[in-house]
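Chemist: Sequence unavailable; structure follows:
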């Protein structure tokens, strides 16, 4: 059994509904147990094409018996079930599900990099992650998520939207 953290994000369509549906699908998935989730956060897009709408983001905490690649496959299935179409890299999306951490595993393969390679650069991920696990230590950087968040530039707009969803 491995502890895992998943990031959810959406900036097309009914964003809150998409995140709720993704959480529900993940909760029902075999081999995965969702234990907690952060509040929802409204955030400005980071990277990708100009003119994107704001994102709604959250982080889920759980445990799994799935392998990292099986978990990645499940995340892609949930994205597809929520209408995700991969047409433009870093473009607008109905749903994005990323694996942030899989225990303390460090993995660098063509299919998956763990921990998520930009986790420590993204306030829209660190804010909700710190709601759940502020003392979680980044397996490569050896700093807590709280420390990584404190070290970030505050220019990325991230505002708490909804506590209970």
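Modeler: Structure's in. What do you need? If you're wondering where the values come from, they're calculated on a predicted model, not measured in any experiment. Numbering: from 1, shown residues only.

Chemist: Angles on the backbone of residue 80, please.
Modeler: phi -60, psi -40 (degrees, to the nearest 10).

Chemist: Next one: it, what pLDDT does it get?
Modeler: You'll see residue 80 listed with a pLDDT of 91.

Chemist: Can you tell me how far it is from residue 113?
Modeler: According to Cβ to Cβ, to the nearest Å, residue 80 and residue 113 sit 21 Å apart. From N, CA and C alone the C-beta is placed, and that goes for glycine too.

Chemist: got it, and residue 165?
Modeler: Distance from residue 165 to residue 113, by Cβ to Cβ: 29 Å.

Chemist: Likewise for residue 48?
Modeler: 18 Å.

Chemist: same check, this time on residue 18
Modeler: 24 Å.

Chemist: which one of the two has more residues nearby?
Modeler: Legend: neighbour count by other Cβ atoms under 10 Å for residue 18 and residue 113, higher for residue 18 (24 against 13).

Chemist: my read is that one is in a strand, agree?
Modeler: No. Applying DSSP: H, G, I helix; E, B strand; the rest coil, one finds residue 18 to be helix, outside a strand.

Chemist: Tell me the confidence at it?
Modeler: Value for residue 18, per-residue pLDDT: 96.

Chemist: now swap in residue 155 and tell me
Modeler: In this model, residue 155 carries a pLDDT of 82.
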